[in-house]
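S.K.: Turn this into a model:
(3 chains)
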Amino acid sequence: MIQINEEKIEWRDGMTVRDAMNEVKYSFPLVIVSVNGKVIEQKHLDKHIINDNDKIKVFHLISGG
Amino acid sequence: MIEITINKRKISVEEGTTILAAAESLGIKIPALCNHNILKPYGACRMCVVEVHANGEKEITTSCNYEIHEPIAVFTDSEEALNTRRGVIEMHLARWPNVPAIKALAKANGVDKPRYEHPLKNESKNACVLCGRCVRVCSEGIWEDIITFAGRGAERKVSMPFDKFYERCAGCGACAWVCPTGAIQVTNEANHPVRPKMIRNWGMKVTSQMITLDDQQCRMRKIGTGNLVEIMDDYDLLPTLNYQYGSHENAKKINSWVWQNEYFTQGLPDGCWYGCSMSCAHAIEKFELKTGPYKGRKVLVDGPEYETIAACGSNIGNFDPHYVAELNFYCDTYGIDTISFGTALAFAMECYENGVITKEHTGGLELTFGNKEAACEVLHQMSRGEGFGMILGKGIRNMKKLFIEEYGADLDFVEDIGMENKGLEFSEYVTKESLAQQGGYCMTNKGAQHDEAWLIFMDQVNNQIPTFENKADALHYFPMFRTWFGLVGLCKLPWNDISPADNAQTDEPHKIPEHVEGYCKYFTGMTGIELDSDKLIRMSEKVYNFQRVFNLRLGYGTREHDRVPYRAMGPVTNTEYESRQERYDKQLKEKVGIDPESMSTDEKRLKLREYREDQYRQLQDAVYKRRGWTSDGVPKLETLKKLGIDFPEVVEVVKRYPDV
Amino acid sequence: MDTAKINKIIESYNRDADCAIEMLLDIQDEFKHLPEDVVRYIADEIEVPLGQLYFVGTFYDVFTLEPSEDELPQKPIEAFMKQQNDKRIPSKPDAPSIVFRNMGNADAGEYKSFEKVLETMSPDDVISEVEKSGLLGRCGFGNPTADKWKACAKAVNDSSNPAYVICNADEGIPGAFAYKNIVESDPHSIIEGMLICAYAVGAKEGIIHIRNCYSQAIEQMAEAIEDARAKKLLGENIKGKDFSFDIKIRRGPGAYMNLDLSAMLESLQGKPAIPTASNVPLTEKGYKDMPTVLSCVETWMNVPVIIEKGGDAFKKIGNSGTKVVSLVGDIVNSGFVEVPLGITLRELIFDIGGGIPEGREFKAVQVGGPSGGCFPADMLDTPLDYAEIEKAGSIIGPGLIRVYDNSRCMVEAAKDSIEFLKSECFGKAAPDREGSVILFSILENISQGNGKKEDLDTLKSICETMSAASLSGLGKSAGNSILSTIKHFEDDYTGYFKN
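M.R.: I've put the predicted structure just below:
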């Protein structure tokens, strides 16, 4: 299982950070993402592979046009 | 990724990277004059030449605009590259011998006195060196194309059309900021800022971010606030059918890509603020109207923005973008707020669907969700002061009263679903799962609009403000911070609709600290008065509390007026409860401590309501305390004193209330 | 301001912003200058920045911002050539005639080659024949035409975008009139060449860009296009096949810079002719960022003949075909003439050109116009061939060949060349712009007796810098006249030095 903010989702082999975000529909672009406490740069979100039991924090900045 | 070498050092680069950028990442600085990191490569000064070996051939080429598509070997300082570079710099030095930027380049690259006299030698220190940065930033960055090149060959010069001041220039200063020699000056007429350079330097930070980062962030320049439609839909926050739901399968018919690809015809600065690089206003030209007094005519629709798309779209069950645009146009034409219109109509539609009002009341209009033609018709009636349009036009608060008193509507139901606070219709975000945002909407001075605070992500997604105190702090800082924009007359979007590249490394990234400092600097630059974040908050606090007292004087400023219609807090109907059953059941179990297994939906819904209404009451207590108000929401005398607004008229109003 | 009149002009181009230059040409015609209020009005109506139209108005010689009834000052090219050149020199009786094969021939307009292509050949077959023919681009630097078509066809395949086929007839060397005569004499062959290419690469639209003042050429081409359309050789489903192609005529302002293909594309889009600084070839991203084959009118004339005779046979005509050259200067027969590639300069000058007039001696020949190098008598056996001329330190370019007799000073020749290039230079890039100004200034100094020996090294060094760093072909080849005259005629220079 992966923890992403308050949610828990199933882990799959080869899952990237972006995959996890897509699964919980975190589509807001202004986010700061960290995996197990380490910040992952925006440009690497599509490629960074996550492991089972990883904790992902997707810190959202403020929205509301 | 492509493997290349630069000066025999191996480096892996993404395809399309320029040689200049690749070298920079290795710490190799290739000299360049016309290049600028917020502008596309230009290839005019030719100083950045390097030697490239590719496919068994060697060439001297500029590095700023050479995109890497295959493995190459680059030599930045080969004899030929150096000689060529020096020859080019020598030409610049011969023509502009006293420009510091050119002198520095000459010195750093071993170019002494030129070997010849340049017939067009210009001895000025601030000479224009024809790098084109000004023309390019005005075109690529600000989209105004005011400055241009003119003339051919050696006659080439930077100019405004017909060699005179072009009245469309707003003096945004971007050209002066990118100019390497000071050839362009912004004259400081108009309102005489005390420290104009400070304003320009901090403003250009935002402009640079807009030019280089917006495409990967909120796409304000391409689509504006409309980028939020699909995002809100993803997070279950898109008001749908009078806020009953937060998403809809048809939301994709009105999402940002539909507007960008099929409707918007302008990506131009629309004159909201001339010279603004965010340029977020977008419009539809030659839009043919299907209804109303201008039916058949082709008009310009100024919008739609996110709020309008939600209010005149998903909230009233309309997923036909044409009608969103049509309603946008006519609301604008009639001078009616699209949010109030949409939210009020959504209320009327739900009333109609539930038999609270009938065709008899609506004069024959079938106000079912999604009836876009009826929506237009009621708007036209509103403008004429006729029929049901006249009734709708009085807003939700007055409609509720009418429906209850004269149509026999069930008071509780209508109060629950009538999405207004202090008489203002809610703006377009579903707040059911964010207690903080319920406060953000309803503990406001002007009514249910998110202008004061938008805390949904902080609260619901980040879980950043878990305690009442945390929420109260947020409901202090943000309303005070955001009120300030109105006080000084500045747009708030450059605060957080664009984020600096290094914002993630700051302590409080959600506040966008660099931009907060920037706004303080605009103030100081304009007035000469020093301002920091704390002083800024204090400025607003005075006004905010004054506004609260103003409301009190009109009979509105107490606790009961900060009430939230239950539709904004939780599921009003069983259908709503069941649409999010898992989440609500979980909350009952974890937060309320009861087992939902054996309960009916009715029972669960009521228990949940009890819990949530109590939560809001506790939030009110915490917020009023934080703001220095009584438990009835009245500013205390000591607060007024501390803020220096304990004027006699103010005290006169406040002292009528207990515990002040 | 008579907005009705101006609206009429705008409407005549379907309000297409790309035709901004044509609109301004009509305005210049009407008002004898470009009035500011008219230009502003047009900018608003067609939605282009006012600055762009102002830049166009100050870039091309054909426009003036102030009203003037006087004749515009003599254009530099005419000063360079010293004479107009609208005369055709008769070719030798057995000389191959490709470009002018149909001149005065009523059979023109048969499109036999195109029909052969349509009925019996695949696009690959067509490209293969062009490759076998060894045809090199006739506009400037002699790049293999087949390579262009191949690259374009590939880009069309890779991107699923249609290609554009463009013919440049803007007369790179105004005053040479070769292009004018080609268009007027045989417009159908141009159309045919473009049709064949369109078929081979997958194009739907073509453009023929003709110099605005060649009104007869424009008229004749328009007639030829109508003719072809009537015969179902242009338009949708040509000859009933699944192949559609049509051609538009666009009028050009006339500029030496339009010899540079990427610059020419700019002027086709209503902008000043400034070469783009990109290493992505036009065959991949050309007109409107689409795959484009852009060639000059002379290149297109050759294509139907390649198909008719076959690539192998074409290769044997001269050295892969002929070249239309303009012979000017100190020569008995001046004018334009079609000669087989591979002909020696000696034959060209003394046989066809009739030699040097007034009993003088030959001194030098400058091959390639003002961007070309100057050759002395001992190089007269150099063949007129792209590779050979390049080896010799020059270019064939637009085919302008200027002869100098022994009364001429080669320093003056180099100075005239640079003066022309300086005035035609587009101005964006520093080495091209500053370099040509500086070179001219040094040459002027020398020719006024104020030069010194070291200047020769300085000149060479600047030419080297320009050759490596310039953005444009104009800049890169600007040094040819200087380097070649220093190499072959150093005495002319040293004659000016005091010691």
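
S.K.: Helices along the stretch 101-250 of chain C, start to end?
M.R.: Using DSSP state H, counting those that start in this stretch, the helices of the stretch 101-250 of chain C run over C:112-120, C:123-133, C:145-159, C:178-185, C:187-201, C:215-230.

S.K.: for the second one, which positions count as buried?
M.R.: Neighbour-count burial for helix C:123-133 flags C:P123, C:V126, C:I127, C:S128, C:E129, C:V130, C:E131, C:K132, C:S133 (criterion: 16 or more other Cβ atoms under 10 Å in any protein chain shown). All C-beta spots, glycine's among them, are computed from the backbone N, C-alpha and C.

S.K.: Can I get it as CSV, trimmed to CA atoms?
M.R.: Extracted as CSV, the C-alpha positions of helix C:123-133 are listed here (Å, rounded to 0.1, in the frame of the first residue of the first chain):
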residue,chain,number,x,y,z
PRO,C,123,6.3,9.5,-56.0
ASP,C,124,9.5,7.5,-55.2
ASP,C,125,10.0,7.0,-59.0
VAL,C,126,9.9,10.7,-59.5
ILE,C,127,12.4,11.5,-56.8
SER,C,128,14.6,8.8,-58.1
GLU,C,129,14.7,10.4,-61.5
VAL,C,130,15.5,13.8,-60.1
GLU,C,131,18.3,12.2,-58.1
LYS,C,132,19.8,10.5,-61.1
SER,C,133,19.7,13.8,-62.9
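
S.K.: and the angle from it to helix C:145-159?
M.R.: Angle, helix C:123-133 to helix C:145-159, by axes from the mean of the first three to the mean of the last three Cα atoms, to 10 degrees: 150 degrees.

S.K.: list the helices and strands helix C:123-133 packs on?
M.R.: The contact analysis (3 or more Cβ pairs under 8 Å, 6 or more residues apart in numbering or on different chains; DSSP states H and E) places helix C:123-133 against helix C:145-159, helix C:187-201, helix C:297-309, helix C:311-316.

S.K.: swap in the last one?
M.R.: Contacts of helix C:215-230 with other secondary structure elements, assessed using 3+ Cβ pairs under 8 Å, 6+ apart, are made with helix C:178-185, helix C:187-201, strand C:203-211, strand C:246-252.

S.K.: ranking the ones you listed by burial, who's on top?
M.R.: helix C:187-201 (a mean of 27; mean count of other Cβ atoms under 10 Å in any protein chain shown).

S.K.: so what does that helix touch, helix or strand wise?
M.R.: So helix C:187-201, by 3+ Cβ pairs under 8 Å, 6+ apart, packs with helix C:112-120, helix C:123-133, helix C:145-159, strand C:163-169, strand C:203-211, helix C:215-230, helix C:297-309.

S.K.: wait, which of the helices of the stretch 101-250 of chain C is closest to C:A95?
M.R.: Comparing these against C:A95 with Cβ to Cβ, the closest turns out to be helix C:178-185 (16.1 Å).

S.K.: Up against chain A, what does the stretch 151-300 of chain B have?
M.R.: B:Q216, B:Q217, B:C218, B:G224, B:T225, B:L228, B:E230, B:I231, B:D234, B:Y235 (Cβ under 8 Å from any Cβ of the partner chain).

S.K.: which of these lies closest to chain C?
M.R.: Nearest to chain C among these, counting by Cβ to the nearest Cβ, is B:G224 at 20.0 Å.

S.K.: what's the neighbour count on C:A155?
M.R.: 23 (other Cβ atoms under 10 Å in any protein chain shown).

S.K.: Run through the residues that contact the nearest residue to it once chain neighbours are set aside.
M.R.: Nearest non-adjacent residue to C:A155, counting by Cβ to Cβ, 6 or more residues apart in numbering or on different chains: C:P291, 3.7 Å away. Applying Cβ atoms under 8 Å, 6 or more residues apart in numbering or on different chains, we find C:P291 in contact with C:C152, C:A155, C:V156, C:S159, C:N161, C:P162, C:A163, C:Y164, C:V201, C:T283, C:E284, C:K285.

S.K.: Would you convert those residues into JSON lines that also reports pLDDT?
M.R.: Converted to JSON lines, the contacts of C:P291 look like this (pLDDT from 0 to 100):
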{"residue": "C:C152", "pLDDT": "96"}
{"residue": "C:A155", "pLDDT": "96"}
{"residue": "C:V156", "pLDDT": "95"}
{"residue": "C:S159", "pLDDT": "91"}
{"residue": "C:N161", "pLDDT": "89"}
{"residue": "C:P162", "pLDDT": "91"}
{"residue": "C:A163", "pLDDT": "95"}
{"residue": "C:Y164", "pLDDT": "97"}
{"residue": "C:V201", "pLDDT": "96"}
{"residue": "C:T283", "pLDDT": "93"}
{"residue": "C:E284", "pLDDT": "93"}
{"residue": "C:K285", "pLDDT": "92"}
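
S.K.: How many residues are close by the residue in the stretch 551-660 of chain B that chain C sits nearest to?
M.R.: Residue of the stretch 551-660 of chain B nearest chain C, by Cβ to the nearest Cβ: B:S579 (43.6 Å). Number of residues near B:S579 (other Cβ under 10 Å) recorded here: 16.

S.K.: Quick one: residues contacting it.
M.R.: B:Q244, B:Y245, B:P571.

S.K.: What backbone torsions are found at the second one?
M.R.: Taking degrees, to the nearest 10, you get phi -130, psi 170 for the backbone angles of B:Y245.

S.K.: still on that earlier bit, where's the residue nearest to C:A155 relative to C:I306, distance?
M.R.: In this view, C:P291 and C:I306 are 21 Å apart by Cβ to Cβ, to the nearest Å.

S.K.: again with A:I2
M.R.: 65 Å.

S.K.: ok, these two, which is more surrounded?
M.R.: Set A:I2 next to C:I306 and count neighbours by other Cβ under 10 Å: C:I306 wins out with 30 against 23.

S.K.: I'd like the distance from that one to C:A151, if you could.
M.R.: Taken as Cβ to Cβ, the span from C:I306 to C:A151 is 18 Å.

S.K.: pretty sure B:V52 contacts B:A73?
M.R.: Yes. The criterion here is Cβ atoms under 8 Å, and B:V52 meets it with B:A73 at 7.3 Å.

S.K.: okay, those two: which has more neighbours?
M.R.: Taking other Cβ under 10 Å, B:V52 and B:A73 do not tie; B:V52 has more neighbours (21 against 14).

S.K.: Tell me what the more buried one is bridged to.
M.R.: Counting by DSSP bridges, B:V52 forms beta bridges with B:E59, B:V74.

S.K.: Tell me the pLDDT of it.
M.R.: If you check B:V52, the pLDDT there is 97.

S.K.: tell me which parts of the stretch 301-450 of chain B are close to chain C?
M.R.: Residues of the stretch 301-450 of chain B lying near chain C (Cβ under 8 Å from any Cβ): none found.

S.K.: For B:R200, which of the helices and strands packed on helix C:215-230 is the nearest?
M.R.: Nearest to B:R200, of the helices and strands packed on helix C:215-230 and by Cβ to Cβ, is strand C:246-252 at 42.3 Å.

S.K.: Is that closest one in proximity to chain B?
M.R.: No. Against chain B, strand C:246-252 shows no contacts by Cβ under 8 Å from any Cβ, the least distance being 15.3 Å.

S.K.: I'd assumed C:T322 was in a helix, is it?
M.R.: No. When classified by DSSP: H, G, I helix; E, B strand; the rest coil, C:T322 is found to be strand rather than part of a helix.

S.K.: Touching, it and C:V99? I think so.
M.R.: Yes. C:T322 is within contact range of C:V99, at 6.3 Å (criterion: Cβ under 8 Å).

S.K.: quick revisit: how much space separates the residue of the stretch 551-660 of chain B closest to chain C from B:G246?
M.R.: 9 Å.

S.K.: what do you get for C:V297?
M.R.: Distance from C:V297 to B:G246, by Cβ to Cβ: 64 Å.

S.K.: How about C:C197?
M.R.: For C:C197, the distance to B:G246 - Cβ to Cβ - is 57 Å.
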